[in-house]
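Enquirer: Fold the following and give me the result.
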Amino acid sequence: MTATEGTRVDLHVKVLDEDICERAKARGLDVLVYAPHFTRWPTIEQRAAAYSDEELTVVPGREIFTGPWHDRRHVLALDLDAPIPDFVTLEGAMDELHRQDATVLAPHPTFLTVSLDRTRLEKYRDLIDAVEAYNPKHLPWHNRRAQSLASELDLPAFTSSYAHLPGTVGEVWTTFDAEIGDESALVAALKGGTPRRLFHRSGYGHRARKLFEFSHLGYENTWKKIDRVVLSDMEATHPGHVAYGGQFDDIRVV
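Expert: Residues are numbered from 1 along each chain as shown. Model prediction:
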């Protein structure tokens with residue numbers, strides 16, 4: 001992909017396998033950011049590398065759940081130097097991301113109780129590299145509000161498929177006016193504010209995909225999943241997991 005044509009990037013997907021990569025290529029994507037829930041950073045890195053090839057670059061990402069489950073705030077991070085667990089304070093997570101000089105994105109801003117609201121976006125404005133302005137899980141007014149926030153705060157925008165379901169991959173993308181062939185180039189584009197254009201498909205098919213993704217929220221928020229993920233310190237990204245060696249005990253909330 002040349003700089004003139006631009007590079008098509010889906011900046012947030014939750015699913016990854018060979019079929020998904022083939023779908024991404026068929027839809028004209030050049031880069032996927034793979035950021036699954038409750039998966040430790042080394043595992044994400046390994047899977048991203050395993051599915052990258054000359055046609056499609058898969059970049060590791062980490063959507064960190066900050067705060068307690070009932071009032072969690074999601075932050076999407078790229079280019080981590082070290083793992084960061086879920087369910088730590090937002091302030092603690094942001095301090096650690098700043099220390100690592102990571103790339104920080106604000107996914108689905110002000111959406112329900114799982115996102116950064118305007119007050120938090122303003123507070124951490126200097127750390128945030130881009131705000132999501134379109135997300136298939138959003139209802140129309142959510143997208144309009146997100147677009148207004150990015151504009152009012154003078155922050156670069158991005159969009160993603162936020163695909164939890166394989167069929168959503170390729171429905172939404174950000175085209176950067178630059179050649180992006182690896183993780184470092186994507187990080188440079190995000191941190192440098194490289195010009196970009198936001199796209200999503202339209203029509204009945206896209207509306208159906210949006211409905212499927214929005215409906216999937218119900219599954220994500222069942223009490224069974226809360227019990228499995230939040231209440232067990234054996235989960236991979238729980239701050240009490242042995243892998244973190246107590247490093248985050250002072251900022252953990254569960």
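
Enquirer: got any ranges where the stretch 101-250 of the chain has weak pLDDT?
Expert: Scanning the stretch 101-250 of the chain for pLDDT under 70 picks out the ranges 217-234.

Enquirer: Apply 80 and report the result again.
Expert: The stretch 101-250 of the chain contains residues with pLDDT under 80 at 111-113, 138-139, 214-234.

Enquirer: all helices for it, in order.
Expert: 118-123, 140-152, 183-191, 203-220, 223-229 (DSSP state H, counting those that start in this stretch).

Enquirer: Of these, which stretch is the most buried?
Expert: Ranked by mean neighbour count, the helices of the stretch 101-250 of the chain are led by helix 183-191 with a mean of 20 (mean count of other C-beta atoms under 10 Å). For glycine as for every other residue, the C-beta is placed from the backbone atoms N, C-alpha and C.

Enquirer: Give me the residues contacting that helix.
Expert: 9, 31, 33, 57, 59-60, 78-79, 103, 105, 129-130, 156, 158, 176, 178-180, 194, 196 (C-beta atoms under 8 Å, 6 or more residues apart in numbering).

Enquirer: related to what we said a few turns ago, could the helices of the stretch 101-250 of the chain go into CSV alongside distance to L90?
Expert: As requested, the helices of the stretch 101-250 of the chain are arranged in CSV below (distance: least, C-beta to C-beta, whole Å):
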stretch, distance to L90
helix 118-123, 7
helix 140-152, 17
helix 183-191, 20
helix 203-220, 20
helix 223-229, 18
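
Enquirer: And these: which comes nearest T39?
Expert: Closest approach to T39 among the helices of the stretch 101-250 of the chain (C-beta to C-beta): helix 223-229, 11.3 Å.

Enquirer: Need the phi and psi values for the closest residue to L149 other than its chain neighbours.
Expert: Nearest residue to L149 in three dimensions, chain neighbours excluded: P109, at 5.6 Å (C-beta to C-beta, 6 or more residues apart in numbering). When read as degrees, to the nearest 10, the backbone of P109 gives phi -60, psi 140.

Enquirer: Now for P109, how many residues are close by?
Expert: When neighbours are defined as other C-beta atoms under 10 Å, P109 has 26 of them.

Enquirer: so G28 is in which element?
Expert: In this structure, G28 is located outside every helix and strand according to DSSP states H and E.

Enquirer: so it sits right up against V9, yeah?
Expert: No - if you go by C-beta atoms under 8 Å, G28 and V9 don't touch, sitting 11.2 Å apart.

Enquirer: Which residue of the two possesses the greater neighbour count?
Expert: Using other C-beta under 10 Å as the criterion, G28 and V9 rank with V9 on top: 25 against 11.

Enquirer: Specify the beta-bridge partners of the more buried one.
Expert: Per DSSP bridges, residues listed as beta-bridge partners of V9: V31, T174.

Enquirer: Surely it and A24 touch.
Expert: No - in this structure, V9 is not within contact of A24 by C-beta under 8 Å, at 10.4 Å.

Enquirer: joint contacts of the two?
Expert: Taking C-beta under 8 Å, 6+ apart as the contact criterion, the common neighbours of V9 and A24 are L32.

Enquirer: what ranges do the strands span in the stretch 1-150 of the chain?
Expert: For the stretch 1-150 of the chain, the strands defined by DSSP state E, counting those that start in this stretch occupy 7-13, 31-34, 57-66, 73-78, 103-106, 130-134.

Enquirer: which other helices and strands contact the fourth one?
Expert: Think strand 73-78. strand 57-66, helix 90-100, strand 103-106, helix 183-191 (3 or more C-beta pairs under 8 Å, 6 or more residues apart in numbering; DSSP states H and E).

Enquirer: in the longest one, what's buried?
Expert: Spelled out, that is helix 90-100. Residues L90, G92, A93, M94, E96, L97 are the ones in helix 90-100 that count as buried (16 or more other C-beta atoms under 10 Å).
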